[in-house]
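1. sequence and predicted structure below; questions after.
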Amino acid sequence: MLYLLGEGYKETDVERSTPYQVLLNSRCGDFPIGLTEGKGMGSIGGSFSPEHVLSDRNKKHLEICNVTWLIPLCEDAVNQSSELDVQAVIDTYAYLHGALPEVIKS
């Protein structure tokens, strides 16, 4: 399943024309985190491993989307040389937001 963990805009995007998103793909063990920028045919993005999500550039993406709570979970996966604990991500989201993350239909 594909879950929306967060969406946001750069502070300089006063027209809110370029959304940033953080997604979780529960079926993609090695690269479960999706980071996207833009909308429609003009969007760009990719799937990332927990290790790659921890780069400064990608951490900024998490900040824009208010998903910095994902950083410790990615650090745990890297430190334990294991896959990201998808259930822990969903549980943490639910704890913080009082609901499960939105499922994106593909």
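-> Received it, and whenever you're ready, just let me know what you need.
2. does V22 lie in a helix or a strand, and which?
-> Here V22 sits within strand 20-25, counting by DSSP states H and E.
3. quick check: next helix or strand after that strand?
-> Next helix or strand after strand 20-25 toward the C-terminus (DSSP H and E): strand 33-37.
4. and the residue nearest the centre of this protein?
-> The residue lying closest to the centre of the chain (Cα atoms, centre = their mean) is V22, at 2.9 Å.
5. picking up where we left off before, who does the strand holding V22 touch, helix- and strand-wise?
-> Contact here means 3 or more Cβ pairs under 8 Å, 6 or more residues apart in numbering; DSSP states H and E; on that basis strand 20-25 packs against strand 2-8, strand 33-37, helix 56-64, helix 86-97. Heads up, the C-betas are built off the backbone N, CA and C, glycines and all.
6. each with direction, which strands does it pair with?
-> Strand 20-25 has the following strand partners under DSSP bridges: strand 2-8 (antiparallel), strand 33-37 (antiparallel).
7. related to what we said a few turns ago, mean pLDDT, distance to P50 and mean neighbour count added to the helices and strands packed on strand 20-25, as TSV?
-> Output for these, formatted as TSV (pLDDT from 0 to 100; distance: least, Cβ to Cβ, whole Å; neighbours: other Cβ atoms under 10 Å):
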stretch	mean pLDDT	distance to P50	mean neighbour count
strand 2-8	97	14	19
strand 33-37	97	7	20
helix 56-64	97	10	16
helix 86-97	98	10	15
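8. about what we covered before: just the buried residues of the strand holding V22, please?
-> The neighbour-count check on strand 20-25 (16 or more other Cβ atoms under 10 Å) flags Y20, Q21, V22, L23, L24, N25 as buried.
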